[in-house]
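K.L.:
just a sequence and a predicted model for now, questions to come.
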Amino acid sequence: MRTIVLFFLLTMAGTVVAQKRETAKNNSAQEIVFKTTKWAAVAAEAKKSGQYIFVDAYTSWCGPCKLLKATTFKDKDAVAYFNSHFINYTADMEQGEGIGLAEKWNVTAYPALLFFTPEGKMVLKQVGYVDGKKLVEIGQQALAKQ
């Protein structure tokens, strides 16, 4: 019995340490941390956590999309704000699941910055390049919407 309890406690301690490392990594990140999993997994996580979702909808050929990744998504204020307030998701709208998402969300110009409630309702769409300061302002506007 002691062995089982000890095993359980060690397993739980390892889980807590891993979660703290992940949180610390996200908080000290040099750029916005984006998930690239399936949309359904991101939506389920948002619903469970109550966090809004920020989506970077891009294409591989889009110059302003590349500029966002190189500058805006590395802006220290944007990094701190988005990594702590949103579940961040990125997808190429011309590949794989992105094709259907672009159609579903009516995304026809790039980059498209989309914001969703934890329940999956789109509350804000911004098209085009923005700097870090503007991205934070847009994120704040999205969080104020229901």
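P.N.:
Yep, it's here. Residues are numbered from 1 along each chain as shown.

K.L.:
against Leu124, how distant is Lys66?
P.N.:
Lys66 sits 23 Å away from Leu124, going by C-beta to C-beta, to the nearest Å. Every residue, glycine included, has its C-beta placed from N, CA and C.

K.L.:
with Ser49 instead?
P.N.:
Relative to Leu124, Ser49 is positioned 19 Å away (C-beta to C-beta).

K.L.:
between these two, who's got more neighbours?
P.N.:
Leu124 (17 against 10; other C-beta atoms under 10 Å).

K.L.:
let me know the secondary structure of the residue most central in space within the chain.
P.N.:
Closest to where the C-alpha atoms of the chain average out (C-alpha atoms, centre = their mean) is Asn88, at 0.2 Å. Following DSSP: H, G, I helix; E, B strand; the rest coil, the label given to Asn88 is strand.

K.L.:
report the contact partners of it.
P.N.:
Residues near Asn88 by C-beta atoms under 8 Å, 6 or more residues apart in numbering: 32-35, 53-56, 82.

K.L.:
hey, what's it bridged with?
P.N.:
Listed by DSSP bridges, the beta-bridge partners for Asn88 are Phe54.

K.L.:
quick one, strands of the chain?
P.N.:
Assigned by DSSP state E, the chain shows strands spanning 52-58, 86-92, 112-116, 122-127.

K.L.:
mind putting the ones you listed into JSON lines with distance to Leu135 and mean pLDDT?
P.N.:
JSON lines is the format used below for the strands of the chain (distance: least, C-beta to C-beta, whole Å; pLDDT from 0 to 100):
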{"stretch": "strand 52-58", "distance to Leu135": "9", "mean pLDDT": "98"}
{"stretch": "strand 86-92", "distance to Leu135": "11", "mean pLDDT": "98"}
{"stretch": "strand 112-116", "distance to Leu135": "7", "mean pLDDT": "98"}
{"stretch": "strand 122-127", "distance to Leu135": "8", "mean pLDDT": "98"}
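
K.L.:
just so I know, which of those lies nearest Lys134?
P.N.:
Of all these, it is strand 122-127 that lies closest to Lys134, at 8.5 Å by C-beta to C-beta.

K.L.:
looking at this structure, which helix or strand is least sure?
P.N.:
The helix or strand of the chain with the lowest confidence, counting by mean pLDDT, DSSP states H and E, is helix 2-27 at a mean of 45.
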